[in-house]
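A.B. asks: Provide a 3D model corresponding to the input given below.
(chains A, B, C and D)
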Number of protein chains: 2
Amino acid sequence: MHERVVGGLRERKKQKTRELIATTALALFAERGYQATTVAEIADAAEVSERTVFAYFPTKEDILFSDHVTLELSLAETLAERCPGSAALDVLRDFLVENLSRFDGQARVRWQIVSHDELLRSHQRARQAAFGNVIAAAIAVDLGEDVDDLRPQLVTAAVIAAFTATYEHRFSARSRTASREQAIAVIDEAITFLRGGLEAIRAFPKPY
Amino acid sequence: MHERVVGGLRERKKQKTRELIATTALALFAERGYQATTVAEIADAAEVSERTVFAYFPTKEDILFSDHVTLELSLAETLAERCPGSAALDVLRDFLVENLSRFDGQARVRWQIVSHDELLRSHQRARQAAFGNVIAAAIAVDLGEDVDDLRPQLVTAAVIAAFTATYEHRFSARSRTASREQAIAVIDEAITFLRGGLEAIRAFPKPY
DNA sequence: TGAAAAGTTGCATTTACTGCAAATTCATCG
DNA sequence: CGATGAATTTGCAGTAAATGCAACTTTTCA
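C.D. replies: Okay, here's the model as predicted:
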């Protein structure tokens, strides 16, 4: 059968190649900038063909944001698996705190790369928004509303903002000494903001 | 000097060409989809050279989002001109209400086009984020914080969400009968949410 | 009217990305 | 082991967006 559990040479090699391409690309991006690095150069440096790069990553941008996607899936799973009783906001808070470590290592390099390129900055926002849709769905269920309704959208947007601020706070030149506790404080403040906001509109008439 | 106030033949012609390209493109996008329409086809239909299209719009996407930029500038101006006493949130609320009419006409077509294309959807988000930065700056001043700090980011994100929800609400299949009053209600609910959230974190310690 | 400035166009080139078919590598079974 | 089949890698050709440049046309204004 084609589906050896794990550890077939093929699987391992594939994983290796994938990481090779990703880290090679990251290094080049960091060195000479995202725009200034062509896919051909990445392929050269990683010693694979250009075509192979596109076999692993649909677009150049996906090379950069590859594990962003991983995080997204991870959250989607967590939210899907939550027991119906627990509020999405709580699950979310815990998820963010538990995944703080993912903000380190390569993420820091990526942050540098992205922050140096205006276009990338905006595309990162778009990615975060995609990420946010995962949250919106869960929140919508909690509130018994449609995903596109105001409240889920508001909460989602705020969560993304919290994410962004956490990143920014952790990686900006301003706070080199950012600690785990401080990051948690940012997250908790965001969650508090959300609760406060939701409380304020709880009794709002809904004429639409 | 080269700077006739307005109405030189040159100016008028330029404006006309710009609009011609934009509306031609919009029609084609609506007809056969954004991706399926090439810049060459737009140029053909508008009876200009492909090169000219790029002389007016830096990218294909900018053809679609051109007046989004206008709105952005308009808000930036409004916020810049506000008397120092008035809170950014109030100015913002009024701006949104006053510009509701801009959500009609071509905007509706654009909304259709964008909503049919996943990539465009995400890029629109990115645009809205750019729009949001304008707001963040003003909010930051009000709060006496840095643009990248949590609170300005939260408020900004929420404002964008309100924007999006308003659009969605006005254009979605679900609410064909969307009225001006209902749109205002959405805006007001969002603003209330913001005030509530800000109130909740007012006394928050700021250990970062 | 005639030169300068602004606008338009064609042409060549780069780069991301796709389809396809050949070649290579790996897994498995006789 | 070695053949068979499947997955991977690659080369090649091609599309479409975007950019630079130089030639050409139109508008402006002294």
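A.B. asks: least confident secondary structure element in chain A?
C.D. replies: Of all helical and strand segments in chain A, the minimum by mean pLDDT, DSSP states H and E falls on helix A:150-171, at a mean of 77.
A.B. asks: and the biggest helix by length in chain A with chain B, contact?
C.D. replies: Ranked by residue count under DSSP state H, the longest helix found in chain A is helix A:118-143. Yes - for helix A:118-143, a contact with chain B is found by C-beta under 8 Å from any C-beta of the partner chain, at A:122-123, A:125-127, A:129-130. Using the backbone N, CA and C atoms, a C-beta is placed for each residue, glycine as well.
A.B. asks: likewise stretch A:45-62?
C.D. replies: No - figure legend: stretch A:45-62 not in contact with chain B (C-beta under 8 Å from any C-beta); closest approach 10.0 Å.
A.B. asks: now check that stretch, is it near DNA strand C?
C.D. replies: Yes - if you take C-beta under 7 Å from any atom of the strand as the test, stretch A:45-62 does meet DNA strand C, through A:50-51, A:54, A:58-61.
A.B. asks: so which of those residues belong to helices?
C.D. replies: Within the residues of stretch A:45-62 next to DNA strand C, residues falling in helices by DSSP H are A:50-51, A:54, A:60-61.
A.B. asks: circling back: from the chain's centroid, how far away is the following helix or strand past the least confident helix or strand of chain A?
C.D. replies: Heading C-terminal from helix A:150-171, the first helix or strand you meet, by DSSP states H and E, is helix A:180-200. Taking C-alpha atoms, centre = their mean, to the nearest Å, one finds the center of helix A:180-200 at 19 Å from the center of the full chain.
A.B. asks: what helices and strands are in contact with helix A:180-200?
C.D. replies: Under the contact definition 3 or more C-beta pairs under 8 Å, 6 or more residues apart in numbering or on different chains; DSSP states H and E, helix A:180-200 sits against helix A:88-98, helix A:150-171, helix B:150-171, helix B:180-200.
A.B. asks: ok, back up a step: who are the packing partners of the least confident helix or strand of chain A?
C.D. replies: helix A:88-98, helix A:106-115, helix A:118-143, helix A:180-200, helix B:150-171, helix B:180-200.
A.B. asks: of those, which stretch is the most buried?
C.D. replies: Counting by mean count of other C-beta atoms under 10 Å in any protein chain shown, helix B:150-171 has the highest mean neighbour count of the helices and strands packed on helix A:150-171, with a mean of 25.
A.B. asks: filter the ones in helices among the residues of stretch A:45-62 next to DNA strand C down to just the buried residues.
C.D. replies: A:60-61 (16 or more other C-beta atoms under 10 Å in any protein chain shown).
A.B. asks: how about CSV for the ones in helices among the residues of stretch A:45-62 next to DNA strand C, with pLDDT added?
C.D. replies: Shown next, in CSV, are these (pLDDT from 0 to 100):
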residue, pLDDT
A:50, 98
A:51, 98
A:54, 98
A:60, 97
A:61, 96
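A.B. asks: check the ones in helices among the residues of stretch A:45-62 next to DNA strand C one by one and keep those near DNA strand D.
C.D. replies: Near DNA strand D, by the rule C-beta under 7 Å from any atom of the strand, you find A:50-51 out of these.
A.B. asks: pLDDT weak spots in chain A?
C.D. replies: Along chain A, the parts satisfying pLDDT under 70 run over A:1-7, A:83-86, A:103, A:173-178, A:206-208.
A.B. asks: how about the residues of it near DNA strand C?
C.D. replies: Contact residues, chain A versus DNA strand C (C-beta under 7 Å from any atom of the strand): A:1-2, A:4, A:8-11, A:13, A:37-40, A:50-51, A:54, A:58-61.
A.B. asks: make a ChimeraX selection of whichever of those turn out to be buried.
C.D. replies: Remark: buried members of these, expressed as a ChimeraX selection using 16+ other C-beta under 10 Å:
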select /A:37,39,60,61
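A.B. asks: nothing else from me, thank you.
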